[in-house]
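[1] Need coordinates for the following:
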Amino acid sequence: MEQKKIILLVEDDPFLSDMYVTKFTESGYDIKAAMDGQQGLDLLNGGLRPDMALLDIVMPKMDGIELLTAIKKEEKLKDTPVVLLTNLGQETDIQRGMELGALDYLVKAHFTPSEVVKRVESLFAKINEPHA
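    Next up, the predicted model:
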């Protein structure tokens, strides 16, 4: 049997975090949630190796952009696919996130939690495609 994919969700809104955790769990994922970027980084430094990380941008202690930068700098973590899941929809924010190495950028207001799960599934399918 295929091992469950592990997703790290870093989201400071407890209500949203619970909704995403519920949806991803129902869809067969093993999801670990952190309430801020520092907590997310602590999990990663503690040995968590997620198949994908979903990061909010606006958070206390360490924001999603800082966490994305930290992940991409770290040899053991740099290949972790990161999706920014945020309410910052400005073109400049999107561009910055993508330039720093995010795989995708989702504006929360445009996606229901179920749609976010579907998007993540399609990203996994893309990542796992044999490269031509």
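[2] how about the strands in this protein?
    Secondary structure of the chain (DSSP state E): strands at 6-10, 30-34, 52-55, 82-86, 104-107.
[3] what packs against the last one?
    Right, strand 104-107. strand 82-86, helix 91-99, helix 113-127 (3 or more C-beta pairs under 8 Å, 6 or more residues apart in numbering; DSSP states H and E). Quick note: C-beta positions are derived from backbone N, CA and C, even for glycine.
[4] who does it pair up with?
    strand 82-86 (parallel) (DSSP bridges).
[5] got the angle between the partner strand and strand 6-10?
    Counting by axes from the mean of the first three to the mean of the last three C-alpha atoms, to 10 degrees, strand 82-86 points 40 degrees away from the direction of strand 6-10.
[6] between strand 82-86 and helix 113-127, how many degrees?
    Going by the same axes, to 10 degrees, strand 82-86 makes 160 degrees with helix 113-127.
[7] got the CA positions of strand 82-86 in PDB?
    Output of strand 82-86 as PDB, limited to C-alpha atoms (Å, rounded to 0.1, in the frame of the first residue of the first chain):
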ATOM      1  CA  VAL A  82       6.200  24.600  -1.100                       C
ATOM      2  CA  VAL A  83       2.800  26.100  -1.900                       C
ATOM      3  CA  LEU A  84       2.000  29.600  -0.500                       C
ATOM      4  CA  LEU A  85      -1.600  29.700   0.700                       C
ATOM      5  CA  THR A  86      -2.400  33.200   1.600                       C
END
